[in-house]
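Asker: For reference, the sequence and a predicted model appear below.
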Amino acid sequence: MTGIKVGLVGAGLLGLTHSFCLKAISDAGLMDVKVTKVYDPNVAAADSLVENLGVEKRVASADEIFDDDNIDTVYITTPTLYHKELVCKAAAAGKNVFCEKPLYINYEGAKEMAAEIEKAKIVSGVGLVLRFSPTLNFILEKINTPDIGRPIFFSIRDDQCLPIKGLHHTTWRVNEEESGGGTLIEHSIHDIDLFSWLFGNIKLKDVDIKYHPEYQGIDNYVRIVAELKPRDGIAMEGILTSIWHDMIGRPSNRRLEIVFDKLFIATDHDFLGPIEITEGDGEVKIVEKDEILSTSLTTLGIVDSKIRDFFMGLDYETFGVYTLEDYFFLKAIVEKGVYSPGFDIAVSAHKLVHDIYSMGNK
Ligand SMILES: NC(=O)c1ccc[n+]([C@@H]2O[C@H](COP(=O)([O-])OP(=O)(O)OC[C@H]3O[C@@H](n4cnc5c(N)ncnc54)[C@H](O)[C@@H]3O)[C@@H](O)[C@H]2O)c1
């Protein structure tokens, strides 16, 4: 067997996204990878990947993928409720496993999954895709430079249309049994991970949660105030406001602001800026996408010119960041290395999500 052979479980938006990205990586000659089998109870969705993205074959069950000795790697991209059983079966079959976030509908289940993954000694990864965002890697680099002074304030306002129409025309996200909750677990688990990634441990100080009037157990407003200690133990305040509204015309994006004594950063765009920066007594500067992308590819360790050219040419409004994510997952498989963010990091995010729901529902 040559190359990486992938089995895909779940052919919705994220199944399509990863199929597209894996094909792009293969077509560009960066990695020898092919999605050979796809399973989705929605036959039309699976067939569409076979017809349009070069996936070899639709199969009638996920077990057909786990039992296939020619498949070494499995992507799990189903609604959240089904992740645990599928991940555990794939790991037990010795497959490398990439699972979309959230790992599961609750913290206990996420921990069980991580334990099974640990036992299996495979390459594993979780779709906390913000860690590959050029915007955020650029910002990470900035806040780790010396001479930016005392940390003061960090905030994210993450607002998105209730994901049951437009790009996310699904019903499972407003069914608590399948999603585990609303905007916090389903969407802002990304933000929770971002807090920890940028600033280390976070201590919750205050939580406010409001629920959608029509959908039982689906939070549509979550506000968190936390204490962060990013540098020399000096505390700064971190605020997350996570909102599901009903405006399909508004792009799903984050407003992010960071203030240190000698550094101000703000952006409204998750993936490719522009970023507004003021450093020390300098003027306000707008950093545009080419500089952001070039700097962040270097931060991510992409120095080879062929690989850089490929990633410089991608569309970061659509599949670009997911292609970076998949590239690093495949690289870990080829190099028999460790991929990050893995299940350990995802479990930490789940712990915080769990604590936030517990605190907010007191
Ligand atoms: N990382 C990100 O940026 C990001 C973005 C969106 C969604 N997600 C996550 O990806 C996962 C999938 O989300 P989506 O937007 O693709 O949802 P989706 O509804 O578009 O697709 C899910 C697909 O899974 C199929 N499915 C349901 N049960 C299944 C089963 N038991 N076995 C196989 N397939 C099954 C459905 O028929 C559907 O086609 C979710 O966990 C979601 O939270 C991650």
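Answerer: Cool, the structure landed.
Asker: what number of residues lie near Val9?
Answerer: Neighbourhood size, Val9 [other CB atoms under 10 Å]: 27. Bear in mind the C-beta positions are built from the backbone N, C-alpha and C, glycine included.
Asker: For the residue of the chain most remote from its centre, give me its contacts.
Answerer: Most distant residue from the mean C-alpha position of the chain: Asp281, 35.4 Å away (CA atoms, centre = their mean). By CB atoms under 8 Å, 6 or more residues apart in numbering, the contact list for Asp281 is empty.
Asker: just the strands in the stretch 251-362 of the chain please.
Answerer: For the stretch 251-362 of the chain, the strands defined by DSSP state E, counting those that start in this stretch occupy 253-260, 263-267, 275-279, 285-287.
Asker: Excluding chain neighbours, what is closest to the closest residue to the ligand within the chain?
Answerer: Using CB to the nearest ligand atom, the single residue of the chain nearest to the ligand is Gly12, 1.7 Å away. Spatial nearest neighbour of Gly12, excluding adjacent residues (CB to CB, 6 or more residues apart in numbering): Ala45 at 6.1 Å.
Asker: that older thread, please name whichever of the strands of the stretch 251-362 of the chain is nearest to Ser340.
Answerer: Evaluated with CB to CB, the strands of the stretch 251-362 of the chain place strand 253-260 nearest to Ser340, the distance being 21.3 Å.
Asker: Can you give the strand pairings for the closest one, parallel or anti for each?
Answerer: Strand pairing for strand 253-260, using DSSP bridges, gives strand 151-161 (antiparallel), strand 263-267 (antiparallel).
Asker: how about the ones you listed in JSON lines, adding mean pLDDT and mean neighbour count?
Answerer: Shown next, in JSON lines, are these (pLDDT from 0 to 100; neighbours: other CB atoms under 10 Å):
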{"stretch": "strand 151-161", "mean pLDDT": "96", "mean neighbour count": "19"}
{"stretch": "strand 263-267", "mean pLDDT": "98", "mean neighbour count": "20"}
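Asker: Include distance to His190 when you put those strands into JSON lines, please.
Answerer: Converted to JSON lines, these look like this (distance: least, CB to CB, whole Å):
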{"stretch": "strand 151-161", "distance to His190": "8"}
{"stretch": "strand 263-267", "distance to His190": "15"}
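Asker: Pipe these into CSV and attach distance to the ligand per row.
Answerer: Shown next, in CSV, are those (distance: least, CB to the nearest ligand atom, whole Å):
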stretch, distance to the ligand
strand 151-161, 10
strand 263-267, 18
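Asker: rewinding a little: what's the spacing between the residue nearest to Gly12 and Val129?
Answerer: For Ala45, the distance to Val129 (CB to CB, to the nearest Å) stands at 21 Å.
Asker: Comparing the two, which residue is more hemmed in?
Answerer: Under the criterion of other CB under 10 Å, the comparison of Ala45 against Val129 puts Val129 first, with 21 against 17.
Asker: From Tyr316, how far out is that one?
Answerer: In terms of CB to CB, Val129 sits 11 Å off from Tyr316.
Asker: Next, show the common contact partners of these two.
Answerer: Between them, Val129 and Tyr316 share no contacting residue, judged by CB under 8 Å, 6+ apart.
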